[in-house]
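> Could you look at this predicted model? Sequence included:
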Amino acid sequence: MSKLRRREALWFYLFASPWIIGFIVFLLGPMIASIYISLTDWDSFTPPKWVGLENYTRLLTEDPVFWKALWNTFYYAAISVPLGLVIGLWLANLLNKQVRARKVFRTLIYLPTLVPLVATAMIFKMVLAPAGPLNDVLGIFHIPGPSWLLEAVWVKPALILLSVWGAGGATVLLLAAMKGIPRELYEAAEVDGASPIRQFWSITVPQLTPIIFFNLIMGLIGAFQVFSQVYILTKGGPNNASQTMVPLLFDEAFSFYHMGYASAISWMLFAVILVFTLLAFRTARRWVFYETEVK
Amino acid sequence: MATIISAAAPPQQQEQGPGPERGRGSRDRVIGVFKATPFTYATLIIVSAVLCVPLVFVVSIALASDQTVNANTFTIIPGEFHWSNFTRVFGTDLPMQKFLLNSVIISLGAVAGQVLSSGLVGYAFARLRAPGKNALFIIVIATMMIPSQITMIPQFILFKELGWVNTFLPLIVPNFFSNAFNVFLVRQFVSRLPSEIDEAAMVDGLGFFGIYRRIMLPMLAPVLIAIGIFTLTATWGDFMGPLIYLNDESKMPLALGVQYITSTSAALQAPPWNLVMVGSILLTLPMILVYYLGQRYLYEMDISGGSAGVK
């Protein structure tokens, strides 16, 4: 290697050192430690006790709360993410029409996503109260509203409702992508006599599939890690009906100091996220449309 | 991973296509799918109204008197206007000024860390040649897949050993080591700049750091501002981090403090919901301001948070 190239390489490692050091100290090291901790029984005060795979077997075979949390997390992710995307897409399509005051509508639809999650949770605590405005509105239509956060059947739909309030985030992203769809495609469809609905399904949706796919992946990863709203609104209750993976992990680690057990949960969470991401990529070939792709 | 990146990355090509906006006037007929009907307006108005009801309700509660709070008789449209709630939270009834100051310190520290480090690292990955670089970059991408919960417990132990629990340090210091997403953003941004710029600077005798400092840094402004905005919104609203590391009320940032107020009021006494909602408004307003001032940088980056739709 020439002197210049060696100097350049040296500078590369110097410049990249913040990330490299951070990777070792805050990621790689902790990851290895986490594997070890997950194989021990440890309260973080006394020395850890090696238990092998016991934490994992206990999780999978003896802990009904873990299975419940896993199911609740699936339930939440499987409904809130597609629902948010469908609503986001529907609103984006409306905003993509030649409407007056589009900016005003766009701002109003996006506004909820700017509210920090803690504030959102506070707001929904009031909105979903048994005598709150949501039940007032339902009352107008003579529908007896449930006590959302206090009933096992309704607590998950309530959390999904909260997430759907932020569907405007996807709208803005999809709207930007819609603006990029070549107009010629629509003109040709119009000449061929395609109805607006047909134009939407045959042009808009296929052209947007890469963005929809991106949002789906990021949304699923985010939904599997749902924490603040559950922790603040329900603490997992009633009777673990809204307990999800991360709040469960948090409680095990920082309320009960079961560091080993909590670490095992974190690896199960990783496995779940990994499986779903891979599954999404596997199906992507069938429905995601890439213009530049050579088949 | 490659598909997800290409799905996220192509902003230039997206912007150039003639959208429905263009060519308006030159054509007489509006294409079917772009035609706005009364139904379109009705739907947009109803949806916007429904989405805004919770926000109006917050303002209504924030302006309610203590009696209304105790009797739990709120109205959706503000009925009373106790503006004094907005001054009461500062000092007399709640330590909101302390919460705010803590939030500002933590957020600005985190932003400074990410902006300083991500620029350097991203530039290195985009421009400097070194053995092992490509392998390292694959690791950068791979780390994006790892949920932060995996490292949460060992990091807590680490910071506990360092004696950093109940200080701001665990929430600020890791940001000085950049993160994979930001490194990736800067790298993509630099890759699009013509390489003649730094080659010319090299011929003029500038060293690598000189090139970065004098040539690159000014050009990186848009991406660094975008990173600053992402970091600010993430840190400002972060709940779990402060919840793990800060137990002292005087150390809490706003996001945790607001929640703390509701969790500590005596069992039989309702939390001061009007003051909590004032806190929620104080928590939200800076985000609206930041978005308003920064949106053109965010759109330029075309990465306004992939998961924005799902909280």
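Sure, I can see it. This one's a predicted model, so the numbers in the text were calculated from it and none came from an experiment.

> Can the helix or strand of chain A with the lowest mean pLDDT be said to contact chain B?
The helix or strand of chain A with the lowest confidence, counting by mean pLDDT, DSSP states H and E, is helix A:133-140 at a mean of 85. Yes - with Cβ under 8 Å from any Cβ of the partner chain as the criterion, chain B is reached by helix A:133-140 at A:133, A:136. Bear in mind the C-beta positions are built from the backbone N, C-alpha and C, glycine included.

> what element comes up after that helix heading to the C-terminus?
Downstream of helix A:133-140, the next assigned helix or strand under DSSP states H and E is helix A:155-164.

> Kindly confirm my reading that residue A:260 is in a helix.
Yes - counting by DSSP: H, G, I helix; E, B strand; the rest coil, one finds residue A:260 located in a helix.

> quick one: low-confidence parts of the stretch 151-295 of chain A?
Applying pLDDT under 70 to the stretch 151-295 of chain A flags residues A:291-295.

> Not counting its neighbours along the chain, what's nearest whatever residue of the stretch 1-150 of chain A ends up closest to chain B?
Proximity of the stretch 1-150 of chain A to chain B (Cβ to the nearest Cβ) peaks at residue A:22, 2.5 Å away. Excluding its sequence neighbours, the residue lying closest to residue A:22 (Cβ to Cβ, 6 or more residues apart in numbering or on different chains) is residue B:177, at 2.5 Å.

> residues contacting the one you found?
A:18, A:19, A:21, A:22, A:23, A:25, A:26, B:113, B:117 (Cβ atoms under 8 Å, 6 or more residues apart in numbering or on different chains).

> measure the last one to residue B:211 for me?
Applying Cβ to Cβ, to the nearest Å, the value for residue B:117 to residue B:211 is 18 Å.

> what's the answer for the fifth one, then?
Separation of residue A:23 from residue B:211 (Cβ to Cβ) stands at 25 Å.

> just residue B:245 next, same as before
Residue B:245 is 38 Å from residue B:211, by Cβ to Cβ.

> same thing with residue A:29?
Relative to residue B:211, and taking Cβ to Cβ, residue A:29 is found at 33 Å.

> Of the two, give the one with the bigger neighbour count.
Neighbours were counted for residue A:29 and for residue B:211 using other Cβ atoms under 10 Å in any protein chain shown; residue B:211 has more, 22 against 15.

> Check the contact between that one and residue B:198; I expect there is one.
Yes - counting by Cβ atoms under 8 Å, residue B:211 touches residue B:198, with 5.0 Å between them.

> In three-state terms, how would residue A:209 be classified?
Classified using three-state DSSP, residue A:209 is helix.

> mind listing what it touches?
A:287, A:288, A:289.

> Looking at those, which one is closest to chain B?
Distances from chain B to the contacts of residue A:209, taken as Cβ to the nearest Cβ, are shortest for residue A:288 (7.3 Å).

> where does the closest one fall, phi/psi-wise?
phi -90, psi 130 (degrees, to the nearest 10).

> can you pull the contacts of the residue lying closest to residue A:151 once chain neighbours are set aside?
Closest residue to residue A:151 in three dimensions, ignoring its sequence neighbours and counting by Cβ to Cβ, 6+ apart: residue A:238, at 7.0 Å. By Cβ under 8 Å, 6+ apart, residue A:238 lies in contact with A:150, A:151, A:152, A:155.

> Can I get the buried ones among the residues you listed as something I can paste into PyMOL?
Selecting only the buried entries of those in PyMOL, with 16 or more other Cβ atoms under 10 Å in any protein chain shown as the criterion:
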select buried, chain A and resi 150+155
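
> farthest-separated two in the contacts of residue A:238?
Spatially, the most separated pair among these is A:150 and A:152, at 8.8 Å (Cβ to Cβ).

> count of neighbours near residue B:222?
Residues near residue B:222, counting by other Cβ under 10 Å, number 14.
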